[in-house]
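1. Sequence and computational prediction follow.
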Amino acid sequence: MAKIFCVANQKGGVGKTTTSVNLAAGLAKLEQRVLLVDLDPQGNATMGAGINKAALEGSIYQVLLGELDVAGARVRSESGRFDVLPANRELAGAEVEMVALENRERRLKDALGAVAKDYDFILVDCPPALSLLTLNGLCAAHGVIIPMQCEYYALEGLSDLVNTIKKVHANLNTDLRIIGLLRVMFDPRMTLSQQVSGQLEQHFGDKVFKTIIPRNVRLAEAPSYGMPGVVFDPSSKGAQAYIAFGAEMVERIKTM
Ligand code: ADP
Ligand code: MG
């Protein structure tokens, strides 16, 4: 049965999508069966996996509204060797339309239940908001991966996310826990990065992943080729870091 992880942080541009796509590809390289769920109407994870979001036959939008099941909507990322439950702008409408539906927070969880046996990992790329879509991700998940940059404002907003996770844990999903904080876009030459990184380790202990993702231009270039960085340039420092992170996650789920 799959373990389900949300990649979440309500800030935009912190590396959620890059992490989701490259962790998916990294885990696939380690022979894990992976479904990448795009829960952001921007559809960046869909595009980053090499799938044209403008030409989808089905998407997560229909799945959340109960019009299609996951098996009917998923598509294969050929280059990354994982499956994708894709999204596009239509998904923005689901936010409003789901409000009137019963079990509105659990619609993703219920839908994923039917395919959990097909995968080792299901990764959910969340939108940059603590919205009903993100809530669906958190209700479906066993754990949360929080990517963050080691900069001065990194911790600002983290408490909102942590409080939301606590509330979901208390009221909706007792399985949910923070798996870890992932340091991304790391620049070891910056003293500030080193300092913030050290503070994170001090405050959060083993909730900070061992793997650190460096700032690496190959990761940023890969989406325009419709490939995860892990596939586009497997020997790059960024790709190697995400493969190492995949191995860390494989170890982590053994104790879950
Ligand atoms: P989010 O999904 O949180 O909005 P993204 O993953 O889209 O964030 O990343 C924001 C921008 O930063 C993108 O342009 C992406 O290519 C770039 N980026 C993310 N991680 C890295 C990295 N490790 N090195 C270089 N650029 C990165
Ligand atoms: Mg994103």
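-> That came through fine. Ligands and ions are numbered 1, 2, ... in the order given.
2. going forward, measure contacts between C-alpha atoms and count neighbours the same way
-> Noted.
3. quick check: mean pLDDT across stretch 31-46?
-> Stretch 31-46 shows a mean pLDDT of 98.
4. In that stretch, which of the residues would be classed as buried?
-> 32-46 (16 or more other C-alpha atoms under 10 Å).
5. can you check stretch 129-146 too?
-> So, applying 16+ other C-alpha under 10 Å, buried residues of stretch 129-146: 129-130, 132-146.
6. now the helices for the stretch 101-250 of the chain?
-> 107-113, 132-140, 158-171, 191-204, 217-221, 229-232, 237-254 (DSSP state H, counting those that start in this stretch).
7. hang on, Cys6 is in a helix, isn't it?
-> No - per DSSP: H, G, I helix; E, B strand; the rest coil, Cys6 lies outside any helix segment and is strand.
8. Quick one, which of the helices of the stretch 101-250 of the chain gets closest to ligand 1.
-> Ranking those by proximity to ligand 1 (C-alpha to the nearest ligand atom) places helix 217-221 first, at 3.4 Å.
9. Return the distance of the closest one from the chain's centre.
-> Computed by C-alpha atoms, centre = their mean, to the nearest Å, the chain-centroid distance of helix 217-221 equals 18 Å.
10. Could you check it against ligand 1 for contacts?
-> Yes - Helix 217-221 is in contact with ligand 1 by C-alpha under 6 Å from any ligand atom, via Val217, Leu219, Ala220.
11. Could you report the neighbour count for the first one?
-> Okay, so that is Val217. Val217 has 13 neighbours, counted by other C-alpha atoms under 10 Å.
12. so how far is Lys109 from it?
-> Counting by C-alpha to C-alpha, to the nearest Å, the separation of Val217 from Lys109 is 35 Å.
13. and if you look at the last one?
-> Using C-alpha to C-alpha, Ala220 is found at 31 Å from Lys109.
14. and the two? which has more neighbours close in?
-> More crowded of Ala220 and Lys109, by other C-alpha under 10 Å: Lys109, with 18 against 13.
15. That one is in contact with Leu135, isn't it?
-> No - counting by C-alpha atoms under 8 Å, Lys109 stays clear of Leu135, with 10.4 Å between them.
16. Write out the residues of the stretch 51-200 of the chain neighbouring ligand 1.
-> Val184, Met185.
17. can you rerun that using 8 Å?
-> Counting by C-alpha under 8 Å from any ligand atom, the stretch 51-200 of the chain comes close to ligand 1 at Asp125, Cys126, Pro127, Pro128, Pro147, Val184, Met185, Phe186.
18. Quick check: closest non-adjacent residue to the fifth one.
-> Put plainly, it is Pro147. Nearest residue to Pro147, sequence neighbours excluded (C-alpha to C-alpha, 6 or more residues apart in numbering): Leu182, at 4.5 Å.
19. do you know how far the one you found is from Gln202?
-> From Leu182 to Gln202 the distance is 14 Å (C-alpha to C-alpha).
20. Repeat that for Leu85.
-> With distances taken as C-alpha to C-alpha, Leu85 is found 37 Å from Gln202.
21. The two: which is more packed in?
-> The residue with more neighbours, out of Leu85 and Gln202, is Leu85; 24 against 11, by other C-alpha under 10 Å.
22. what separates the more buried one from Leu112, distance-wise?
-> Using C-alpha to C-alpha, Leu85 is found at 10 Å from Leu112.
23. got the residues of helix 217-221 next to ligand 1 as JSON lines, with distance to Cys6 and pLDDT columns?
-> Formatted as JSON lines, the residues of helix 217-221 next to ligand 1 follow (distance: C-alpha to C-alpha, whole Å; pLDDT from 0 to 100):
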{"residue": "Val217", "distance to Cys6": "25", "pLDDT": "98"}
{"residue": "Leu219", "distance to Cys6": "20", "pLDDT": "98"}
{"residue": "Ala220", "distance to Cys6": "21", "pLDDT": "98"}
